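Visitor: Predicted coordinates and the sequence they were generated for:
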Amino acid sequence: TIVTNGLGAGERILVQKNWVDDSDTAHREPVEVTVYDAQTNGKIDSVILGDTAGESQDPVWYEWVALPEDIKAADVYIRETGIGAGGKVELSQDADGSFRDKVTGENHTYEATYDSENVANEIVWTVTNRRLGNVDLTVVKDWRDGNGEGVDALRTAMAGTGLTLAVKLEISASDDAENPFRIYDDEQGNGHVTLGGEDVPIMDNKAQPVSSVQPILTADEEYHEIYFHNLPKYDTNGTVVRYTVEEVWLHNGEEIALSELQTISPDVYALWSTYARSVEETSYDANDGALENDTQEITLTNTRTGVTDAVWYKEWHDVYMYEAGSRPDIYLDIYQTVHTSETETEAVTQLIYPSYRWTDEGLLPPETEEPDAGGDAGGSEGEVSETPAEASGDTAQQYVWQALLEDLPKYDAYGFEIVYSAVERTNVNASEFDYAIAEYWWEGTRLGTRNEADKGSESAYTAHTTALTEQTKDYARYALNAGGTFVNRLD
């Protein structure tokens with residue numbers, strides 16, 4: 001016996017599913033689609049799309065629905081009324097009468113829209129699920145300028161200028177090159193993002209509307225966090241959109257170029273130019289499985305930069321030994337002190353230039369031959385200008401020296417000013433040449449020696465020397481900071 005089930009005498013429609021989710025097949029769930037009578041809004045039938053079928057177990061995303069004999073195919077409409085096991089559907093209708101429903105599954109939330117067309121005298125209804133999602137972006141400001149004196153100077157210079165340093169929201173990446181993406185502020189100054197569909201308002205961390213360009217530094221206030229929440233995650237093709245930010249200058253609320261900043265306030269421009277700027281995404285947590293907004297954090301770092309020169313002076317009081325040709329060779333070990341964190345007291349002193357030969361022509365790196373009289377002293381590190389004593393003609397060059405290192409980094413990674421210091425030594429026992437231990441001087445005042453301060457000079461000694469580590473205690477406990485003078489005398 002053969003039993004044949006036909007569609008009956010009435011008309012039929014084809015119901016099919018379209019996913020706009022960037023091919024995220026792993027998270028697609030079966031959906032229930034209900035057919036309604038457009039005249040009475042009464043339910044006609046329901047079908048499940050996405051059930052697996054056949055040996056391949058691939059889901060089937062279409063189904064024919066037979067209509068009663070008294071209802072025409074042109075007189076029905078469809079709605080998505082269920083998703084997965086225990087999904088949620090929120091029905092809504094636009095002002096033009098079209099339906100735009102919110103469907104929440106196990107992993108994602110979707111916007112369901114509907115359209116129909118006539119294909120070969122058959123009515124085909126399509127329900128499109130466009131993946132939805134939002135991103136809560138937090139911007140963290142990191143000023144790396146040591147103890148904050150750079151920011152203080154910048155705010156002081158900004159006073160009365162109408163200038164504001166602000167953070168501007170931008171779209172960093174998307175695969176959609178056709179649809180116009182837009183970030184803008186409305187007449188009330190509230191920000192919106194448009195990714196080809198509806199406008200999405202930008203919110204702060206308290207769900208209050210905010211601008212797409214927010215102040216980070218004014219003459220009166222400094223902000224450490226900025227919030228751009230509720231940003232749409234997907235464009236109209238279901239493709240993920242990524243966000244970034246940039247720092248911009250505003251003058252009386254209007255964005256300006258750096259050239260305009262220089263004209264409006266040369267002082268602010270000069271201070272701002274000392275900072276290197278970086279934008280780094282420090283975290284991104286995708287929370288689709290939890291049906292929560294993604295969270296993104298971007299750190300804006302401003303680090304003070306610049307170069308400086310380090311110079312030390314040498315005075316010899318040894319006419320007899322010099323004329324006898326018995327002056328020992330002198331070497332400098334040069335150190336830098338940098339911070340290991342943003343805490344002012346956490347710093348480390350490192351040897352950066354060991355065994356630099358010091359001559360009356362300047363510094364010679366290790367294994368560099370001594371230049372002829374009047375010759376080059378070994379490149380930019382060895383070239384020296386006349387010492388103050390030479391320029392005045394007061395002292396011969398063989399008795400007053402200068403050691404100059406040019407274009408050294410001025411600030412460390414945390415924006416603190418780097419301290420350069422040096423220890424003088426010989427490769428022989430200087431006492432055998434009748435020389436006393438070298439004296440440390442600062443601007444005409446004797447501080448002490450490499451091992452201890454003179455009595456009564458302790459404060460100045462501490463200010464202009466750098467304590468060294470245990471590895472150097474055999475020949476020096478303290479290095480003389482750049483700007484100081486080494487004085488060598490006969491014992």
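Guide: All right, it came through fine. Residues are numbered from 1 along each chain as shown.
Visitor: mind listing the helices for this protein?
Guide: 149-158, 258-264, 266-272, 319-323, 388-392, 458-464 (DSSP state H).
Visitor: what bits of the stretch 1-150 of the chain have low per-residue confidence?
Guide: 1-9, 53-56 (pLDDT under 70).
Visitor: May I see the helices of the chain organised as a markdown table, with mean neighbour count and distance to Thr485 added?
Guide: The C-beta positions use only the backbone N, C-alpha and C, and glycine is treated the same way. As requested, the helices of the chain are arranged in a markdown table below (neighbours: other C-beta atoms under 10 Å; distance: least, C-beta to C-beta, whole Å):
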| stretch | mean neighbour count | distance to Thr485 |
| --- | --- | --- |
| helix 149-158 | 18 | 28 |
| helix 258-264 | 14 | 40 |
| helix 266-272 | 17 | 32 |
| helix 319-323 | 13 | 18 |
| helix 388-392 | 13 | 11 |
| helix 458-464 | 15 | 10 |
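Visitor: nearest to Ser172, of these?
Guide: helix 258-264 (21.4 Å; C-beta to C-beta).
Visitor: as a whole number, average confidence for stretch 201-208?
Guide: Mean per-residue pLDDT for stretch 201-208: 96.
Visitor: how about that stretch: buried residues?
Guide: By 16 or more other C-beta atoms under 10 Å, the buried positions in stretch 201-208 come out as 201-204.
Visitor: and if you look at stretch 52-65?
Guide: Buried-residue list, stretch 52-65, by 16+ other C-beta under 10 Å: 61, 63, 65.
Visitor: still on that earlier bit, between the buried residues of stretch 201-208, which sits nearest Ala310?
Guide: Asp204 (47.2 Å).
Visitor: hang on, that closest one packs against His229?
Guide: Yes. Counting by C-beta atoms under 8 Å, Asp204 does reach His229; the two are 6.2 Å apart.
Visitor: Turn the buried residues of stretch 52-65 into TSV, columns for distance to Gln39.
Guide: Formatted as TSV, the buried residues of stretch 52-65 follow (distance: C-beta to C-beta, whole Å):
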residue	distance to Gln39
Trp61	28
Glu63	23
Val65	17
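Visitor: In strands, which of these appear?
Guide: 63, 65 (DSSP state E).
Visitor: Closest one of the buried residues of stretch 52-65 to Phe181?
Guide: Nearest member of the buried residues of stretch 52-65 to Phe181, counting by C-beta to C-beta, is Trp61, at 29.2 Å.
Visitor: The closest one and Thr25 touch, don't they?
Guide: No. When contacts are counted by C-beta under 8 Å, Trp61 is not listed as touching Thr25 (10.8 Å).
Visitor: wait, what's in contact with Glu244?
Guide: Quick fix: residue 244 reads Thr, not Glu. Each residue near Thr244 by C-beta atoms under 8 Å, 6 or more residues apart in numbering is listed here: 170-172, 279, 281, 298.
Visitor: Please, a ChimeraX command that selects the buried ones among the residues you listed?
Guide: The ChimeraX command for the buried members of those (criterion: 16+ other C-beta under 10 Å) is given here:
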select :171,279,298
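Visitor: what residues are up against Ala286?
Guide: Asp294.
Visitor: how does it look with 10 Å?
Guide: The neighbours of Ala286, taking C-beta atoms under 10 Å, 6 or more residues apart in numbering as the test, are 133, 135, 233, 240, 292, 294-296.
Visitor: biggest separation within those, which pair?
Guide: Val240 and Glu292 (16.0 Å).
Visitor: related to what we said a few turns ago, could you redo the contacts of Thr244 as CSV and give each row pLDDT and distance to Gly162?
Guide: Formatted as CSV, the contacts of Thr244 follow (pLDDT from 0 to 100; distance: C-beta to C-beta, whole Å):
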residue, pLDDT, distance to Gly162
Glu170, 95, 24
Ile171, 92, 29
Ser172, 84, 30
Val279, 96, 26
Glu281, 95, 32
Ile298, 97, 27
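Visitor: Go through the contacts of Thr244 and say which is closest to His317.
Guide: The nearest one, if we look at the contacts of Thr244 relative to His317 and count by C-beta to C-beta, is Val279, at 56.4 Å.
Visitor: in the stretch 201-350 of the chain, which spans are strands?
Guide: 213-217, 225-232, 242-251, 254-256, 275-285, 294-304, 307-317, 330-339, 347-359 (DSSP state E, counting those that start in this stretch).
Visitor: nearest to Arg155, of these?
Guide: It's strand 213-217; of these, that one is closest to Arg155 (C-beta to C-beta) at 6.8 Å.
Visitor: so how far is that closest one from its chain's centroid?
Guide: 16 Å (C-alpha atoms, centre = their mean, to the nearest Å).
Visitor: the inter-axis angle of it versus helix 149-158?
Guide: Relative orientation of strand 213-217 versus helix 149-158 (axes from the mean of the first three to the mean of the last three C-alpha atoms, to 10 degrees): 110 degrees.
Visitor: Return the set of buried residues in stretch 212-220.
Guide: Buried, per 16+ other C-beta under 10 Å, within stretch 212-220: 212-219.
Visitor: Give me the neighbour count for the closest residue to Glu344 other than its chain neighbours.
Guide: With sequence-adjacent residues excluded and distances taken as C-beta to C-beta, 6 or more residues apart in numbering, Glu344 is closest to Asn147, at 5.9 Å. Number of residues near Asn147 (other C-beta atoms under 10 Å) recorded here: 13.
Visitor: Do I have it right that Asn147 meets Gly415?
Guide: Yes. At 8.5 Å, Asn147 counts as touching Gly415 under the criterion of C-beta atoms under 10 Å.
Visitor: what pLDDT does the residue nearest to Glu280 when sequence neighbours are not counted get?
Guide: In space, and not counting its chain neighbours, Glu280 is closest to Thr299: 5.1 Å by C-beta to C-beta, 6+ apart. Note for Thr299: predicted pLDDT of 97.
Visitor: Can you lay out the buried residues of stretch 212-220 as JSON lines showing distance to Thr303 and pLDDT?
Guide: Listed next are these as JSON lines, based on distance: C-beta to C-beta, whole Å; pLDDT from 0 to 100:
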{"residue": "Ser212", "distance to Thr303": "26", "pLDDT": "97"}
{"residue": "Val213", "distance to Thr303": "23", "pLDDT": "98"}
{"residue": "Gln214", "distance to Thr303": "22", "pLDDT": "97"}
{"residue": "Pro215", "distance to Thr303": "21", "pLDDT": "97"}
{"residue": "Ile216", "distance to Thr303": "15", "pLDDT": "97"}
{"residue": "Leu217", "distance to Thr303": "15", "pLDDT": "97"}
{"residue": "Thr218", "distance to Thr303": "21", "pLDDT": "97"}
{"residue": "Ala219", "distance to Thr303": "22", "pLDDT": "96"}
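Visitor: Okay, and the beta partners of Ala453?
Guide: When assigned by DSSP bridges, Ala453 has beta-bridge partners Gly448.
Visitor: Same question for Leu250.
Guide: Thr164, Glu255.
Visitor: ok, now which ones touch it?
Guide: Taking C-beta under 10 Å, 6+ apart as the test, what Leu250 contacts is 162-166, 168, 213, 215, 218, 256, 261.
Visitor: same check, this time on Thr299
Guide: 138-142, 278-283.
Visitor: how about a cut-off of 7 Å?
Guide: Contact partners of Thr299, counting by C-beta atoms under 7 Å, 6 or more residues apart in numbering, are 140, 142, 280, 282.
Visitor: tally of neighbours for the first one?
Guide: Residues contacting Val140 under the criterion other C-beta under 10 Å number 15.
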